[in-house]
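**Q** pasting a predicted model and its sequence here:
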Amino acid sequence: MHNLPSTVKNAIVDLRARSADPISAFVYDLEGLQTHIKQVMAALPENVELFYAIKANSDTEILNTLAPWVNGFEISSGGEIERIARCQQRLPFIFSGPGKLDSELEAAIHQKVAAIHVESISEIHRLQAIAKKLNHTQAVFLRINPTLPDTLSSRLTMAGRATPFGIDEMDLQEAVNAVDDSPNLLLEGFHVHAMSHQKSLTKHQMLIDFYLERWPHWKALSNKPDNITHMNVGGGIGVNYRQETQFDWSAFCHYLDCVLKRTPDSPILRFEPGRFISAFCGYYAMEVLDKKTSHGESFVICRGGTHQFRLPVAQSHDHPVIHLPLHNNISEDHKPEDKRRWTLVGQLCTPKDILSRTCELSLCEVGDILVLPLAGAYGYNISHAAFLCHPTPLMTYLPIQTPIEHGSTTRVKQTFNEETSCVAS
């Protein structure tokens, strides 16, 4: 059962009180986000870095909250370069993704990009020409699309089969040679992003084992292997939208600590999660406009919809819902049989505008608020907001009450017990 923090509840009630119309609104708990990222970073072992993938949520307030804690940002477009340039604290950033424009590559170099992840042989040659024109030596990672074991699959597979991402492992020698032969490029690492929205701890451990097994072979392809220090293993850590149990980050970090210590010449591992960082801080509030029954199915129609919060449709799941009654219409002695199952929909003229088919609500009335938690990543920013020309939702960022400690950019490491057995769970 998802809980609604009192600060979020109060913010929603306040938004409704100040609005002439029924509301749809996103509320972001920046205090909760800061608490979460501090715990995530504290668990990282030595020689492991975390760059936040801002595609998950690139709002300025989100970036400013994360900047004191993460090692850097991962971006995938010229527009995202502009977003991080407006951040209060400048951090290292990496540029990945297919189809980069020459103008974007130049902009990244001008903004002192830490590394560019090249996706093809032709991109290597383009980047060399740009770096030469700018009289600049640019660090690059080669993104690899390796052949993966059948056990390493996910609902959204990014590698191991035909995709537009990365360079096939069979072509990697040619790509390494192309970088080595480019006087303005310096190969510093490899990048493999194999799985997305993956919630299995065991699969992530197996994935790390696979990368580390391939690492010495990939590194040996270069005639300058001493320059190759990093292995970017992508993001892909999933969020459980239907249950309280989430990915066991602490156990995963303990596993990383163990496996890196027993791996000769191990690389610096770099993660670039997005969803797992920002999802938990966001809440999407929808005011109930109407209720109806059609062909035996009960519908609750709310302000807003998938044009503002496309995540449930994009992920093909029924999103959890928290009922916030505003009319005191639920008595303390109501019985379980008072609950009914509702299909939660928005205002769009399409039968696909469904956020959940499994809402069990007691005495839900017009004017109540239904709150969808876990809305801080891939929510509004992936939605088709212009459809039907509805107004944009209200946006509220609850401020951080706990001051950031001086020197907080130096992460606090979790100390692992050296006597703890390093056995995969």
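**A** All right, it came through fine. Numbers count the residues shown, from 1 in each chain.

**Q** can you find the helix or strand of the chain with the lowest average pLDDT?
**A** strand 156-157 (a mean of 50; mean pLDDT, DSSP states H and E).

**Q** and Thr60, what does it touch?
**A** Thr60 makes contact with Arg83, Arg86, Cys87, according to CB atoms under 8 Å, 6 or more residues apart in numbering. Any C-beta I mention is one placed from the backbone N, CA and C, and that applies to glycine too.

**Q** hang on, the earlier thing: helix or strand right after the least confident helix or strand of the chain?
**A** Note on strand 156-157: by DSSP states H and E, the next helix or strand toward the C-terminus is strand 167-168.

**Q** average pLDDT across that next one?
**A** Taken as a whole, strand 167-168 has a mean pLDDT of 89.

**Q** ok, which stretches of the stretch 251-400 of the chain are strands?
**A** 268-271, 282-294, 297-302, 322-324, 339-345, 354-362, 369-372, 394-398 (DSSP state E, counting those that start in this stretch).

**Q** each with direction, which strands does the fifth one pair with?
**A** The reference is to strand 339-345. Using DSSP bridges, the strands paired with strand 339-345 in its sheet are strand 297-302 (parallel), strand 354-362 (antiparallel).

**Q** any chance of those strands in TSV, plus mean neighbour count and distance to Asp181?
**A** Putting the strands paired with strand 339-345 into TSV (neighbours: other CB atoms under 10 Å; distance: least, CB to CB, whole Å) gives the following:
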stretch	mean neighbour count	distance to Asp181
strand 297-302	18	59
strand 354-362	19	52
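
**Q** could you tell me the least trusted of those strands?
**A** Minimum mean pLDDT among these: strand 354-362, a mean of 91.

**Q** so who does Cys359 touch?
**A** Contacts of Cys359 (CB under 8 Å, 6+ apart): Val300, Val321, Arg341, Trp342, Thr343, Leu344, Leu370.

**Q** quick one: the fourth one from Phe309, how far?
**A** When distances are taken as CB to CB, to the nearest Å, Trp342 and Phe309 turn out to be 17 Å apart.

**Q** which pLDDT value goes with the residue nearest the centre of the chain?
**A** Centroid-nearest residue in the chain, with CA atoms, centre = their mean: Gly274, separated by 1.8 Å. As predicted, Gly274 sits at a pLDDT of 96.

**Q** still on that earlier bit, can you redo the contacts of Thr60 as CSV with neighbour count?
**A** Shown next, in CSV, are these (neighbours: other CB atoms under 10 Å):
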residue, neighbour count
Arg83, 18
Arg86, 10
Cys87, 18
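
**Q** which one of those residues is nearest to Lys203?
**A** Comparing those against Lys203 with CB to CB places Arg83 closest, at 31.2 Å.

**Q** wait, the closest one touches Leu63, no?
**A** Yes - with contact defined as CB atoms under 8 Å, Arg83 reaches Leu63; the gap is 6.8 Å.

**Q** run through this structure and note the low-pLDDT ranges.
**A** In the predicted model, the chain carries pLDDT under 70 at residues 1, 149-165, 327-338, 403-425.

**Q** still on that earlier bit, need the overlap of contacts for Arg83 and Leu63.
**A** Joint contacts of Arg83 and Leu63 (CB under 8 Å, 6+ apart) are Ile54.

**Q** thinking again about what came up before, now a PyMOL select for only the buried ones of the contacts of Cys359.
**A** To isolate the buried ones among the contacts of Cys359 in PyMOL, judged by 16 or more other CB atoms under 10 Å, type:
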select buried, resi 300+321+342+343+344+370
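
**Q** domain ranges for the chain?
**A** 6-28+280-398, 97-271 (automatic domain parsing).

**Q** how about the helices in the stretch 51-200 of the chain?
**A** 60-66, 78-85, 102-110, 121-133, 172-180 (DSSP state H, counting those that start in this stretch).

**Q** now do the stretch 201-350 of the chain
**A** 201-219, 249-261, 275-278, 311-315.

**Q** of the ones you listed, flag the one that's most buried.
**A** helix 275-278 (a mean of 27; mean count of other CB atoms under 10 Å).

**Q** can you tell me which helices and strands that one packs against?
**A** Under the contact criterion of 3 or more CB pairs under 8 Å, 6 or more residues apart in numbering; DSSP states H and E, helix 275-278 touches helix 30-43, helix 60-66.

**Q** JSON lines please, covering those helices and showing distance to Tyr380.
**A** Below are the helices and strands packed on helix 275-278 laid out as JSON lines (distance: least, CB to CB, whole Å):
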{"stretch": "helix 30-43", "distance to Tyr380": "16"}
{"stretch": "helix 60-66", "distance to Tyr380": "12"}
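
**Q** nearest to Val176, out of the ones you listed?
**A** Of the helices and strands packed on helix 275-278, the one closest to Val176 (CB to CB) turns out to be helix 30-43, at 32.2 Å.

**Q** elements contacting the closest one?
**A** Right, helix 30-43 is packed against helix 60-66, helix 249-261, helix 275-278, strand 394-398 by 3+ CB pairs under 8 Å, 6+ apart.

**Q** before we move on, back to that, tell me the one of the contacts of Thr60 nearest Ile130?
**A** Out of these, the member with the shortest distance to Ile130 (by CB to CB) is Arg83, at 21.7 Å.

**Q** picking that back up, save the helices of the stretch 51-200 of the chain as TSV, and put in distance to Arg214 too.
**A** Shown next, in TSV, are these (distance: least, CB to CB, whole Å):
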stretch	distance to Arg214
helix 60-66	31
helix 78-85	29
helix 102-110	28
helix 121-133	20
helix 172-180	10
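
**Q** put the alpha carbons of stretch 24-33 into PDB.
**A** Taking C-alpha atoms only, stretch 24-33 is exported to PDB below (Å, rounded to 0.1, in the frame of the first residue of the first chain):
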ATOM      1  CA  SER A  24      -4.400  17.900 -12.400                       C
ATOM      2  CA  ALA A  25      -1.000  18.400 -10.900                       C
ATOM      3  CA  PHE A  26       2.500  17.000 -10.500                       C
ATOM      4  CA  VAL A  27       4.000  17.400  -7.000                       C
ATOM      5  CA  TYR A  28       7.600  16.600  -6.600                       C
ATOM      6  CA  ASP A  29       9.000  15.900  -3.100                       C
ATOM      7  CA  LEU A  30      12.600  17.300  -3.300                       C
ATOM      8  CA  GLU A  31      13.300  16.400   0.300                       C
ATOM      9  CA  GLY A  32      12.400  12.800  -0.500                       C
ATOM     10  CA  LEU A  33      14.500  12.900  -3.600                       C
END
